[in-house]
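*Asks:* Okay, predicted coordinates and the sequence, questions at the end:
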Amino acid sequence: MRPTQELAQSTLFTQRCETLSIPDRVKLSYERAKAIGKAYALTVEDILYLSPKFWNMHTDPIACIDGAAETLLTIQYNLCAGTLATYVKGRPDLAPLLKQVLDFEVSGQFCLTELGHGLDALHLETTATQLPDGYFDFHTPLERAAKYMPPTSPVTPGFRCVSVVFARTVVNGEDHGVKPFVLQLHDGQFMTPGVTIKVLPPRGGSRPLNHSLTSFNHVRLPPTALLGSIEKPKDPRSAFFEKINRVAVGTLALSSLCIPSLQVASYVAARYSLRRTIVDASGVPKPIMSFQTQKQPILTALAQTFVLSAMHKQAVAWFTNPKQDPRVRHAVATVHKAVVVQASQTANLVLGDRCGAQGLFEANQFSAMHSDIRGIAIAEGDLLGISIRLASELLLGRYALEPPRYPDSLLARHESGLFSELRAVLAVAPGHRSTAYDREVLPRSLPLVLAIGHRIAYDAARAAQVDAPLLDLFEVAAVMQDEAWYVESLGISRVELRRREAHALEAVFARLEEYLVRMDVAPYIVAPIVSDEKWEQFFGTLPTLSESREGGVARKIAPVPFVENDILPKIPGEWDTALSMVGVPVMT
């Protein structure tokens, strides 16, 4: 039993929040994040050594109720607490702050990338200039150097925000490289002098969060604000990647949330399709799940949940192996992210459509999960960018991933075939920075990484003895993503591929109820379309307008008022105005 199963059934998570104001929704997400954090009670050891509890938190289906809360959790525990924990052993003065972050008594943030520097964060422009007395002058020299997106603005009075912030350290006029600093941005109501925060408008579609632009105007920091050594590194690039190692962890951890998203999407779509009927030519009600056009996307997503769960366990084992080459660890995280993000995004988009007009509404979970995962696809390195980097390094032979366990499988042969094709292109190109390479290889980088991931997922699931019907359906679904290659290279006809898919679908459909129960996500489903009971409960919460007639006289009935959130304390009107995301609110 997951530690959040009862929590998911509490008022904090079951209340409808779609019509709350944005500030109230943001406050609610913070309260939910705190509750999830308390349920898992992660320790320093959990975070430093990436315990099973750490990974369980990142695959908990409760994320599908509130993606904003999960965003806050992974920033709080992986990025902020993870970075502080790296330095606390030699810095006992950091221990009280780290405990506050772990207990979610403060908002822990992580400010790395800048408005003008995303994947090239190594070239960020925020500066921390050491002064003669040992203090630092922390400064944002240009607008493009503002820290972009972390939710740093005040949410509730008294709930302060402390952040790890990366800056280029300057000592005696010399660049000592990018280093992490820790500082308080605000105390929950008043900004730290010199800190300015501009609250960004909502992302659109996803659960709202107080994403912000954060900048600094000659903020004076004590020497203890610096995390790590002031010395100039011999290899600035390697030192930088070592200092942001929690980003690599985040690539795997954050993308892990795609697996419960797949589970919830397939569960909701299946339950809806079993419940929703049409009348056939004989006048008999028939569930829409009986149609192949409904079975194919739903059962494919369901099979992917079981196979990709096995892949996740394998990826975690490789990633947490202390003897593993750090480059390979990052490669494993990249491959995992590519496969699970693509599967989850496709499922939420397609399955939402298969639920018709009902799939459009946030209450039924598809649209919000789809938008939340768009953020995951970009966070900790956007999917295409990190795939280009990985594909190039593998093609250049700088390192290699584990070889296939089952080299004769269709997916292993596909991976090998793509490698051969792209290596042939590289052999005649002037170099990996040439126009020819840009034209011929870069656009195929993501398909190559997906091919690697599909093979790894198949290998992991087969070794873990995932049910044959699920594995067969996963395999044929992966094959269909590059159907032409299998026809051209292996001579498998399209008719044969359709036959294999139909056979696999029927084998999974025969055990659908068993597989829905085995996913164990029912306590985390808030979509009202999955059952008559949930729909009646939802129907009763809708604001209602009607008119009645008594004695021939029309009498207007007032709308049913929407019940305001009673979980969180109200903020005074002036503070609501400051937090409003209408216009361009600025806190300084």
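*Replies:* Happy to help now that I have it. Residues are numbered from 1 along each chain as shown.
*Asks:* residues making contact with stretch 37-44?
*Replies:* 3-4, 7, 53-54, 56-57, 73, 76-77, 81, 85, 88, 98, 102-104 (C-beta atoms under 8 Å, 6 or more residues apart in numbering). For glycine as for every other residue, the C-beta is placed from the backbone atoms N, C-alpha and C.
*Asks:* what helices or strands is the longest strand along the chain leaning on?
*Replies:* Using DSSP state E, we find that the single longest strand of the chain is strand 174-186. When contacts are defined as 3 or more C-beta pairs under 8 Å, 6 or more residues apart in numbering; DSSP states H and E, strand 174-186 packs onto strand 136-139, strand 161-171, strand 195-199, strand 219-221, helix 236-243.
*Asks:* and the second one, which strands flank it?
*Replies:* I take that to be strand 161-171. Strand 161-171 sits in its sheet next to strand 107-111 (parallel), strand 127-130 (parallel), strand 174-186 (antiparallel), going by DSSP bridges.
*Asks:* Those: which one's closest to V425?
*Replies:* Nearest of the strands paired with strand 161-171 to V425, taken as C-beta to C-beta: strand 174-186 at 34.8 Å.
*Asks:* residues of the closest one that come out buried?
*Replies:* Of the residues in strand 174-186, those with enough neighbours to count as buried (16 or more other C-beta atoms under 10 Å) are H176, G177, V178, K179, P180, F181, V182, L183, L185, H186.
*Asks:* Kindly indicate which of those lies nearest V307.
*Replies:* Taking the buried residues of strand 174-186 together and measuring to V307 by C-beta to C-beta, the closest member is P180, at 37.7 Å.
*Asks:* Please, where are all the strands along this protein?
*Replies:* 107-111, 127-130, 136-139, 147-148, 161-171, 174-186, 195-199, 212-216, 219-221, 277-279, 285-287, 546-550, 553-557, 586-587.
*Asks:* so which of the ones you listed gets nearest E231?
*Replies:* That would be strand 174-186 among the strands of the chain, by C-beta to C-beta, at 7.1 Å.
*Asks:* quick one, the closest one and helix 236-243 angle?
*Replies:* 30 degrees (axes from the mean of the first three to the mean of the last three C-alpha atoms, to 10 degrees).
*Asks:* List the contacts of stretch 228-235.
*Replies:* With C-beta under 8 Å, 6+ apart as the criterion, stretch 228-235 contacts Y87, Q130, T169, V171, E174, D175, H176, G177, K179, P180, A239, K243.
*Asks:* Show me the two of those residues that sit farthest apart.
*Replies:* Y87 and E174 (23.0 Å).
*Asks:* Could you look over the strands of the chain and pick the most buried one?
*Replies:* Stretch with highest mean neighbour count among the strands of the chain: strand 107-111 (a mean of 26; mean count of other C-beta atoms under 10 Å).
*Asks:* Give me the mean pLDDT for that strand.
*Replies:* Averaging pLDDT along strand 107-111 yields 98.
*Asks:* quick one, it and strand 212-216 angle?
*Replies:* Using the same axes, to 10 degrees: strand 107-111 against strand 212-216 is 70 degrees.
*Asks:* next one: strand 107-111 to chain centre, how far?
*Replies:* Taking C-alpha atoms, centre = their mean, to the nearest Å, the mean C-alpha location of strand 107-111 is offset from the chain mean by 17 Å.
*Asks:* CA atoms of that strand as PDB?
*Replies:* Taking Å, rounded to 0.1, in the frame of the first residue of the first chain, the C-alpha atoms of strand 107-111 are listed here in PDB:
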ATOM      1  CA  SER A 107       9.900  26.600   0.200                       C
ATOM      2  CA  GLY A 108      13.100  25.200  -1.200                       C
ATOM      3  CA  GLN A 109      13.900  26.400  -4.700                       C
ATOM      4  CA  PHE A 110      16.700  25.900  -7.300                       C
ATOM      5  CA  CYS A 111      17.600  28.800  -9.600                       C
END
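*Asks:* contacting residues around it?
*Replies:* Counting by C-beta under 8 Å, 6+ apart, 30, 72, 75-77, 79-81, 83-84, 101, 147, 150-152, 155, 159-166, 185, 214, 246 sit against strand 107-111.
*Asks:* ok, now stretch 53-62?
*Replies:* So stretch 53-62 is contacted by 2, 4, 7-8, 13, 36, 40, 42, 46-47, 69-70, 73-74, 77-78, 253-254, 256-257, 259-260, 263-264, 309, 312, 316, 521, 524 (C-beta under 8 Å, 6+ apart).
*Asks:* Same question for stretch 260-267.
*Replies:* 59-61, 63-64, 298-299, 301-302, 304-305, 308, 340, 343-344, 347-348, 351-352, 365-366, 369, 372-373, 516, 519, 521-522, 524-525, 530.
*Asks:* Let's test this: mean pLDDT of that stretch, rounded?
*Replies:* Rounded mean pLDDT across stretch 260-267 is 98.
*Asks:* Same check on stretch 214-227?
*Replies:* Here the average pLDDT along stretch 214-227 is 98.
*Asks:* Same question for stretch 114-129.
*Replies:* Mean predicted confidence for stretch 114-129 is 95.
*Asks:* Quick check: buried residues in it?
*Replies:* E114, L115, H117, G118, A121, L124, E125, T126, T127, A128, T129.
*Asks:* ok, now stretch 427-447?
*Replies:* Buried-residue list, stretch 427-447, by 16+ other C-beta under 10 Å: A429, Y437, E440, V441, R444, S445, L446, P447.
*Asks:* Now, the residues you listed that are in helices?
*Replies:* Counting by DSSP state H, those place Y437, E440, S445, L446, P447 in helices.
*Asks:* Could you check the pLDDT of I47?
*Replies:* For I47, pLDDT reads 98.
*Asks:* List the residues that contact it.
*Replies:* Neighbours of I47 in contact, by C-beta under 8 Å, 6+ apart: F54, Y77, N78, A81, G82, A85, L102.
*Asks:* distance of G194 from A128?
*Replies:* Using C-beta to C-beta, to the nearest Å, G194 is found at 13 Å from A128.
*Asks:* between these two, what contacts are shared?
*Replies:* Shared contacts of G194 and A128, counting by C-beta under 8 Å, 6+ apart, come down to F138.
*Asks:* about what we covered before: let me have the buried residues of stretch 114-129 in CSV, adding distance to R276 as columns.
*Replies:* CSV is the format used below for the buried residues of stretch 114-129 (distance: C-beta to C-beta, whole Å):
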residue, distance to R276
E114, 48
L115, 46
H117, 49
G118, 43
A121, 47
L124, 51
E125, 55
T126, 53
T127, 59
A128, 59
T129, 64
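*Asks:* Out of those, the closest to Q292 would be?
*Replies:* G118 (42.5 Å).
*Asks:* residues in contact with A391?
*Replies:* L422, V441, R444, S445, L446, L448, V449.
*Asks:* Skipping adjacent residues, who's closest to it in space?
*Replies:* Leaving aside its chain neighbours, A391 sits nearest to S445 (3.7 Å; criterion: C-beta to C-beta, 6 or more residues apart in numbering).
*Asks:* Would you agree the one you found is in contact with G385?
*Replies:* No - S445 is beyond contact range of G385, at 9.5 Å (criterion: C-beta atoms under 8 Å).
*Asks:* which residue is nearest the middle of the protein?
*Replies:* I376 (3.3 Å; C-alpha atoms, centre = their mean).
*Asks:* Skipping adjacent residues, who's closest to that one in space?
*Replies:* Here the residue nearest I376, using C-beta to C-beta, 6+ apart, is L254, at 5.4 Å.
*Asks:* Who are the contact partners of that neighbour?
*Replies:* H58, T74, N78, K337, I376, A379, E380.
*Asks:* again, but for H218
*Replies:* D137, F138, H139, G194.
*Asks:* which sections of the stretch 251-400 of the chain are below the confidence cut-off?
*Replies:* Residue ranges of the stretch 251-400 of the chain with pLDDT under 70: none are present.
*Asks:* residue boundaries of the helices in it?
*Replies:* 258-275, 292-319, 326-354, 366-378, 383-395 (DSSP state H, counting those that start in this stretch).
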